[in-house]
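> give me coordinates for this.
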Amino acid sequence: MDMNVDANRVYGARLEERPVATLESIVWRVLRPEISDGALGWIPVEGRPAVPALPQIFWQNNTPWREANLWALQQAEGQRNIRTIRSSLTALHAYATWLESVDLSWRHFPARKADRCLVRFRGELIAAIKEERLAPSTARQRIAAVVRFYRWVDENHLLEVHGRMWNDREVTLHLHDDFGFRRTLQLRTTDLSIPNRARPGERLEDGLLPVSIVQRDAILTFAQEHASQELYLLLRLGFRTGMRLGTLLDLKIATLQHAAPDPEFTGWYRVAVGPGARPAVHTKFGVTGQVWIEQSDLEMLKQYAFSARRLKRAARAAPDYRQHVFLTRYGMRYGTPETESSTAINVEMGRLRKAGMDAGVSALHGFHFHQSRCTFATEMARLLLEHGTASAAIGMVKAALLHRDESTTLRYIRFVEEAPVKASAADAFTRAFLGIKQPFSSHVTTAA
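Numbering: from 1, shown residues only. This next block holds a predicted model:
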């Protein structure tokens, strides 16, 4: 085996300990020994392609969590989507971090149910929900991923437990299709599952909400002064094109050079992305399409692409990465398309949020990069609904955001349509509740 990580890190030979368990990505290759000219060498095994960006968990003492890492590898070799695998390992990483924080083994299953590691972890997740440290959907996903891992461990006889780790139960769901026919689904769940009591109201992609135009401008102004040039450009493009972070980080120089003027909208260009574009640019679900980009944004991006700052980074990069627009200062890519995220960007976003809160920029409180996409989509939907029909707005928003399903686009349309109604109702309710017959004026005062 050959992996694109330091060998000492893999086998736990580093002297210093990590502060907590870590989740890292490696390139997994299967090699076989071969003697050539009297020297031992290693060559890739035919028919066993490399697994890029394979997530792996390492404990605080630098030893790998072998069972979890083997589970990830088997899923990858079974052609499971690498983003799905990373999602499961991210949940396991949160579990590993909690285990180390309470000094508990993942094999701890005593006779007393309340003391078992899984039961205690479930309790921690429920407490995090009540304290609003964790969304119910995230907690549910974490415990479900951990249970899937333990099922695999049990099926492969990698853990000996006296008694049951949990109690299974069968759940029957009765559904009706579009033609009125009844269907019955049998689902298996456990007594460890956590109900997902979602917040009411229309939720957009990833459960996030857009920011106002005033907040958007405040975020961009602060980022231009306090963030790196790369993060500012990414945020600007996110707000003004709606592209996902994974797509933006996979843009190539040729992608910008091949941008074509839009035949109907003056001052706008179309950028081809997706696996069918040339060059290919990563998109979620492999959707191929064209993204709108304003001329000034395109020119700004081209200027950056050929600036001394970026060319120095490209000079340090491997040949396969030199055509990427966005590179780290070490000439590496920001994350991978498969994960649609970047640790470096996440860290800088965290620093930007903290700096913004310290400076009194309230718009950055709890702000996530994907909200830039939500903001673009809702603003576009609002403008289209003002100047056309709902069906036309759905078609254009779906094309601009490269949605695979129209149902995702409909969320934005409903969100925009409901916003003024909710605002008007809230104002009327407030005035009626307080006994105020006229709207608030600047002369109204309240008692201390």
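> residue ranges with poor pLDDT in the stretch 201-350 of the chain?
201-207, 336-340 (pLDDT under 70).
> tell me where it has strands.
260-261, 268-273, 289-294 (DSSP state E, counting those that start in this stretch).
> mind giving me the packing neighbours of the first one?
What it means is strand 260-261. Contacts defined by 3 or more CB pairs under 8 Å, 6 or more residues apart in numbering; DSSP states H and E place strand 260-261 against strand 268-273. C-beta here means a position set from N, CA and C on the backbone, and glycine is covered the same way.
> what helices and strands are in contact with the strand it packs on?
Using 3+ CB pairs under 8 Å, 6+ apart, strand 268-273 sits against helix 253-257, strand 260-261, strand 289-294, helix 295-305.
> that one pairs with which strands?
strand 260-261 (antiparallel), strand 289-294 (antiparallel) (DSSP bridges).
> for Pro275, the count of nearby residues, please.
11 (other CB atoms under 10 Å).
> for it, which non-adjacent residue is spatially closest?
The shortest distance from Pro275 to any non-neighbouring residue, by CB to CB, 6 or more residues apart in numbering, is to Gly286 (5.1 Å).
> again with Val281
Computed as CB to CB, 6+ apart, the closest residue to Val281 that is not its neighbour in sequence is Val273, at 4.0 Å.
> neighbours of the one you found, how many?
Val273, neighbours per other CB under 10 Å, totals 26.
> that one is in contact with Trp292, isn't it?
No. Look at Val273 against Trp292 with CB atoms under 8 Å: they stay out of range, at 11.4 Å.
> is it fair to say Arg107 lies in a helix?
No. Counting by DSSP: H, G, I helix; E, B strand; the rest coil, Arg107 is not found in a helix; it is coil.
> use 21 as the first number for this chain going forward.
That works, and once the first residue is 21, the last one we named lands at Arg127.
> ok, it to Met185 distance?
When distance is defined by CB to CB, to the nearest Å, Arg127 is 10 Å away from Met185.
> what residues sit buried inside stretch 143-155?
Neighbour counts over stretch 143-155 (16 or more other CB atoms under 10 Å) mark Glu144, Leu145, Ile146, Ala148, Ile149, Leu154 as buried.
> that should have said stretch 335-350, apologies.
Buried residues in stretch 335-350 (16+ other CB under 10 Å): Ala337, Arg342, Gln343, His344, Val345, Phe346, Leu347, Thr348.
> got a list of contacts for it?
Identification of contacts with stretch 335-350 by CB atoms under 8 Å, 6 or more residues apart in numbering yields 250, 253-254, 268-276, 299, 321, 324-325, 330, 333-334, 351-354, 364.
> again, only using 6 Å
Glu250, Leu269, Leu271, Lys272, Ile273, Ala325, Arg333, Ala334, Gly351, Arg353, Tyr354, Ala364 (CB atoms under 6 Å, 6 or more residues apart in numbering).
> who are the contact partners of the last one?
Going by CB under 6 Å, 6+ apart, Ala364 touches Thr348, Tyr354.
> cool, the first one as well?
Taking CB under 6 Å, 6+ apart as the definition of contact, the neighbours of Glu250 are Phe346.
> His344 versus that one, what's the distance?
Glu250 is 11 Å from His344, by CB to CB.
> ok, back up a step: and which of the buried residues of stretch 335-350 is nearest Ala165?
Within the set of the buried residues of stretch 335-350, Thr348 lies nearest Ala165; the separation is 29.4 Å, counting by CB to CB.
> and the one helix or strand Met400 maps to, how far out from the chain's middle?
Element membership of Met400, judged by DSSP states H and E, is helix 391-407. Computed by CA atoms, centre = their mean, to the nearest Å, the chain-centroid distance of helix 391-407 equals 21 Å.
> which elements pack onto the helix or strand following it?
Using DSSP H and E, the helix or strand that follows helix 391-407 towards the C-terminus is helix 410-421. Under the contact criterion of 3 or more CB pairs under 6 Å, 6 or more residues apart in numbering; DSSP states H and E, helix 410-421 touches helix 391-407, helix 426-453.
> which of those helices has the lowest average pLDDT?
Among the helices and strands packed on helix 410-421, helix 426-453 has the lowest mean pLDDT, at a mean of 71.
> beta partners of Gly309?
Val293.
> identify those among the buried residues of stretch 143-155 that sit within helices.
Within those, residues falling in helices by DSSP state H are Glu144, Leu145, Ile146, Ala148, Ile149.
> out of these, flag the one nearest to Ile239.
Nearest member of those to Ile239, counting by CB to CB, is Ala148, at 27.4 Å.
> find the nearest non-adjacent residue to Leu254, please.
Distance criterion CB to CB, 6+ apart; nearest residue to Leu254, sequence neighbours excluded, is Leu268 at 5.5 Å.
> wait, doesn't that neighbour sit right on Arg256?
No. With contact defined as CB atoms under 6 Å, Leu268 does not reach Arg256; the gap is 10.2 Å.
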